[in-house]
Every structure is written in C-alpha cells, then in structure tokens.
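> Sequence first, then the predicted structure, then my questions.
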Amino acid sequence: MTVSEHDALVLVALLLAGAALLVTAQLVRIPYPILLVLGGLGLGFAPGVPAVELAPGLVLIAVLPPLLYGSAFFTSLRDLRENAVPISMLAVGLVLATMVAVAATAHYMIPGVSWPVAFVLGAVVSPTDPTAAAAIAERLGMPRRLIAIVEGEALVNDGTALVALRFAIIAVVTGSFSLIHASGSFVLNVAGGIALGLGVGFLIRQVRRRLDDPPVEITISLLSGYFAFLPAYALGVSGVLAAVTVGVYMGWHTPELTTAQTRLQGIAVWEIVFFVLNALLFALVGLQLPVILDELAGYSTATLIGYAAAVTATVIAARFLWVIAEKGITMYFKRRREEEPIPNAWKGALILSWSGMRGAVSLAAALSIPLLTDAGDAFPNRSLIIFLTFTVILGTLLIQGLSLPWLVVWLGVEDGDGAEREEAKARLYAAEAALARLEELADEEWVRDDTLERLQRFFNFRRERFRSRFDPESDGEVEDRSLAYQRLMHELLNAEREAVFELRRNRRIDDEVMRRVVRDLDLEEARLDG
C-alpha cells in the first residue's frame, strides 16, 4: 500500500489543524470540546479531505471503554455516595424522560420516523458529557457539590442511555419489542455489568499489587476498560457499566497500590489519552459528514436545520423542566418538614439545568448504529440520526457551553473556601503524621541529630502554616514567610535547571541524564506549595 502525495498533504493538514485547535484553546480559554466540535464541522467541509465510512461497532468498542474507565477512575467515590439521590434522578429519570421527549418530537415532526427509530435517536442524545461543564465549573469556582453532581450524572447516565439504546436498536433491527422481556433484560444487563466489573477489578487489583514497573502498570490501566467491556459485550450484559464499575473500583484502590512515579506518569498519560480520544471521535464524524449529507440529499437545508433546532431545543427544555420541577418538589417537602432551606438552591438548580452539554459518548453511540436490519434492509434514518446527534452536540456546546460562564458569574454562585479548607486539613494531618513518625525514629542509630532537627523545623513550619488557615485571627505572617521561601526556591531551582541545560549544550552530559535531573527538579518545584 502506497501513500500518495495528496494523502500525505491531507495528513499534514489534519495534524496542523489539530495543533491549531490546541493553541487556540489555550489562547481563548474555551473548553476544548467546543473547539473540537467546530473543528470536526470544519473538517467535514474542508476541500480535498477524503470521506470515511466506519464499521458501526468499531467506535463503540475501540474508543468508548478507555473514556468510560478513565472518567470513572478519576471520579470521587465519596461524592457519588453523598449525591446518590440527585445523581440517580438525573442519570436514570432524566435520561428516560429526555429519550421519550426527543422520541415524541422526532416521531411527530419528521415524516417516516417510526417510534422505534425515534427512541434510538432519543437514547443517543440523552447522556451528557462532563468535560466542558466541569472545565468551566472548576475555572469559575462553582460549588464542588454542583461539579460532583454534573460529573457523577455524566458517569452513570452513559450506562442508562446505552442500555436503552441497545433495546431500541433491537426493536428496529428485529421489528419486535416486548416491554416485559425488555424490563427483565434491563435488570440483567445492569446487574451483570456491575458484577462483572467488580470481578475484573478485583483481578486487576491482585495483579497490580504485585507489580512495580510504571510502564507496565500504566499499560494495564489503559487496557482495564477493555478487560471489563469486551467480556461483558460478549456475554450480553452492559459493557458500559462494567467499564464504569472497574474504573470506580480501581480509582479507589490504585493510590494504595502504586508508587509516586507511577501515579505522576499515569495522570499525565491519561490527560493525553482523554484529549486524543475525544479529538479522534470528532475528527471521525467530521470525515463522515460529507457521506452523511449526501445520503440526506432528499431533505432541504431549511428542513434539516428545522429538525436539528427542534431536537436540540427538546433536549435543552427537557433538562430544564426536569431539574426545576425536581428542585421545586424537594423544596416543597423541606418546607412541610420545616427544614432549613439550602442556600442558593434555586441558583444551583438553574446552573445544573444549563450544564447538559452533549459530547463524545453520544457520538460513539450514534456511530454504533448498525447499517442493516435482520431483514437485510438499511437501518432506517441512520444518517439522519447521526446528523441530528452532531447538531445536538454542536448546539448544546455552543449555546450552553459558551453562556454557562456568564450564567455562573451573573448568579454569583461560588464555592467559597470549602475545597481549600479540606486540602489544608489534609496537609495539616499529613504534617502531624510526619512529626509523630520523626519522634518514633529519633532514637534510631541511622537518624542523625542535625537531620532530625532540620526536618522537625521543616514539618513544624508546615504544620503551623496550614493550621493558620483555620485561625480567623491569623495575621498571615506564616503564609507570607512561606510565599517568600517559595519565591526563593523557584529562583534557585531555575538556576539549577539552567546549569543542567548549559552542561547539555556543551555536550558534557547527554540528553537522558539531562531529562532525569530536570525531572527531579521539576518534581521538587511542583511540590513547593505543599
């Protein structure tokens, strides 16, 4: 197989476009999913870019497992437990309500769209994507509970939506549907997926606790989603819930199984993987847009825009009505029980209702729709479903994603210092533990007196620094001393790095030595605030 000059130029152009998106995201401070969807749209209409057609299940199986595992791995189990009720209401109730609302809109508005096909579309666009909302929320200092609910909802609702999608596709492909059978299968899918995920997680945990090799451990981490998803897929249970379950399980246990080096490298690798997989999905859809639009040639441009606007409006309105209604019911019963109202409850509900952006999971779900039914006919309205999914993602990211920062600022909802106080508490307890351990080791022969004294001063200062953050009468002197120390250390570390670079420039050390020394200096600088 040879590569033509045209193909090589197209590849170079795609790489340059990806680099331009990265630079633009940094300059304009817009969450990268918004730029990715615009980049995918532009990619589809760029001259000379080849059209691409993918096998339906390829994206679902190849791309989705690591995305699901990684999202679950970095999700706080404590936050999931504390916010189980609102997350469940959104991840199950709202998903099903959105699916029904979108299905009704599509069935009654679009000629030739049957109820089963309409439910396929509803299931595809019902799960939210946490990336854009979480990026905006953290940058603007939104309350942690709201961020936790948005991220937890997006984690759990993938399972609800994709299990519902599976039954909707079966109804279209086979031409039959039984509510009783579907209900029983739904319970089996959920229970089986969770059970398999726990079993796979236990096995991975036993393997990783016996390893001490960062590249091997990180590779296993990258494959863990597949280890759960693929067997579940083969057994006919929910691969999504299996991947999510093993992600949550390993996210809880991994910090106690790995070394500092593995944790540092692993987080860096996962950040890159998240971006690459999201970029890949939007690029694939962009490359398929010409084919999809060709198949929709029977519709006028105005008609397609009207359908897209109607479905997008339904998705946004369903979430808004559900969140506001749920908050109203909750507040009503709180008043009946004479409980204290939650501060900023309605403001939080408005922000939550406006944080329903769609993203990578909906794309993967749309691309997983089969090409043919069991009768050998083309899957009805498949191209229209993919087109409407892309426009819903585009609409929610642009409308809600770009306006969410304005809404947060306008409502004045902030986190306060809750997260900072928790972090200070953790660092205070860690410093006290280090001091206690120093006292235990003071009489050991290998502990030198001057080293002991130096470390005691160091950890005593650290303890006083974080303790002062809980003292409302603190004059800030300890913090000022710490900042002055950090500034001095930054200067010294920069001098050390420049000296190492000079040695490399003069060829007195090789690049590998330079990288090892600079990495240690970078780690030392990264932990200065601690």
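On my side now, so go ahead. This one's a predicted model, so the numbers in the text were calculated from it and none came from an experiment.

> Give me the below-cutoff pLDDT ranges for the stretch 1-150 of the chain.
Within the stretch 1-150 of the chain, the set of residues satisfying pLDDT under 70 comprises 1-7, 9-11, 14-15, 18, 22, 25-26, 29, 48-54, 130-141.

> Same check on the stretch 351-500 of the chain?
By pLDDT under 70, the weakly predicted segments of the stretch 351-500 of the chain are 414-419.

> now with 80?
Residues of the stretch 351-500 of the chain meeting the criterion pLDDT under 80: 413-424, 426, 469, 471-476.

> What ranges does it have for its helices?
Per DSSP state H, counting those that start in this stretch, the stretch 351-500 of the chain carries helices over the ranges 360-367, 382-396, 402-411, 418-441, 449-468, 477-505.

> Return the list of helices and strands in contact with the first one.
Looking back up the chat, that one is helix 360-367. If you count contacts as 3 or more C-beta pairs under 8 Å, 6 or more residues apart in numbering; DSSP states H and E, helix 360-367 packs onto helix 56-62, helix 64-73, helix 115-125, helix 144-174, helix 260-295, helix 382-396. To be clear about C-beta, it is placed using only N, CA and C from the backbone, and glycine gets the same treatment.

> Make a markdown table from those helices and add distance to residue 88 to it.
Converted to a markdown table, the helices and strands packed on helix 360-367 look like this (distance: least, C-beta to C-beta, whole Å):
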| stretch | distance to residue 88 |
| --- | --- |
| helix 56-62 | 25 |
| helix 64-73 | 16 |
| helix 115-125 | 18 |
| helix 144-174 | 7 |
| helix 260-295 | 25 |
| helix 382-396 | 22 |
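
> Would you reformat the ones you listed as a markdown table and include mean neighbour count?
Putting the helices and strands packed on helix 360-367 into a markdown table (neighbours: other C-beta atoms under 10 Å) gives the following:
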| stretch | mean neighbour count |
| --- | --- |
| helix 56-62 | 17 |
| helix 64-73 | 26 |
| helix 115-125 | 26 |
| helix 144-174 | 23 |
| helix 260-295 | 17 |
| helix 382-396 | 23 |
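
> Residue 456: which of these is closest?
For residue 456, the closest of the helices and strands packed on helix 360-367 is helix 260-295, at 23.1 Å, according to C-beta to C-beta.

> returning to what we had before: quick one: closest of the helices and strands packed on helix 360-367 to residue 469.
helix 144-174 (17.2 Å).

> thinking residue 160 is in contact with residue 93, fair?
No - if you go by C-beta atoms under 8 Å, residue 160 and residue 93 don't touch, sitting 9.2 Å apart.

> ok, back up a step: and the helices of the stretch 351-500 of the chain, which is most packed in?
Highest mean neighbour count among these (mean count of other C-beta atoms under 10 Å): helix 360-367, with a mean of 26.

> what angle do that helix and helix 115-125 make?
With axes from the mean of the first three to the mean of the last three C-alpha atoms, to 10 degrees defining the directions, helix 360-367 sits at 150 degrees from helix 115-125.

> Go ahead and confirm residue 361 touches residue 125.
No - taking contacts as C-beta under 8 Å, residue 361 lies outside contact range of residue 125: 10.1 Å.

> Pass me the low-pLDDT residue ranges in the stretch 201-350 of the chain, would you?
Low-confidence segments of the stretch 201-350 of the chain (pLDDT under 80): 260, 278-288, 330-345.

> same thing but 70
Within the stretch 201-350 of the chain, the stretches with pLDDT under 70 are 332-334, 336-343.

> At which residues are the helices of it located?
Using DSSP H, counting those that start in this stretch, the helices found in the stretch 201-350 of the chain span residues 214-235, 239-253, 260-295, 301-336, 345-353.

> Which one, of those, ends up nearest to residue 373?
Across the helices of the stretch 201-350 of the chain, residue 373 has its closest neighbour in helix 260-295 (16.5 Å, C-beta to C-beta).

> elements contacting that closest one?
Packing contacts for helix 260-295, counted by 3+ C-beta pairs under 8 Å, 6+ apart, involve helix 5-28, helix 32-45, helix 64-73, helix 214-235, helix 360-367, helix 382-396.

> Report the angle between the last one and helix 115-125.
Taking the same axes, to 10 degrees, one finds that helix 382-396 is oriented at 40 degrees with respect to helix 115-125.

> Against which helices or strands is helix 382-396 packed?
Helices and strands touching helix 382-396, by 3+ C-beta pairs under 8 Å, 6+ apart, are helix 32-45, helix 115-125, helix 260-295, helix 301-336, helix 360-367.

> quick one: the fourth one to helix 260-295, angle?
For helix 301-336 against helix 260-295, the angle between stretch directions is 130 degrees (the same axes, to 10 degrees).

> Residue 302: how many residues sit nearby?
By the criterion of other C-beta atoms under 10 Å, residue 302 has 8 neighbours.

> any idea how far residue 310 is from it?
Separation of residue 302 from residue 310 (C-beta to C-beta, to the nearest Å): 13 Å.

> just to revisit the earlier point, out of the helices of the stretch 201-350 of the chain, the one nearest residue 167 is which?
Across the helices of the stretch 201-350 of the chain, closest to residue 167 is helix 239-253 (C-beta to C-beta), at 13.5 Å.

> Would you agree residue 326 is in contact with residue 89?
Yes - using C-beta under 8 Å, residue 326 is in contact with residue 89, at 5.8 Å.

> So between the two, which is more surrounded?
Using other C-beta under 10 Å as the criterion, residue 326 and residue 89 rank with residue 326 on top: 19 against 16.

> need the contact list for the more buried one.
Each residue near residue 326 by C-beta atoms under 8 Å, 6 or more residues apart in numbering is listed here: 86, 89.

> of the helices and strands packed on helix 360-367, which approaches residue 470 most closely?
In terms of C-beta to C-beta, the element of the helices and strands packed on helix 360-367 nearest to residue 470 is helix 144-174, at 18.4 Å.
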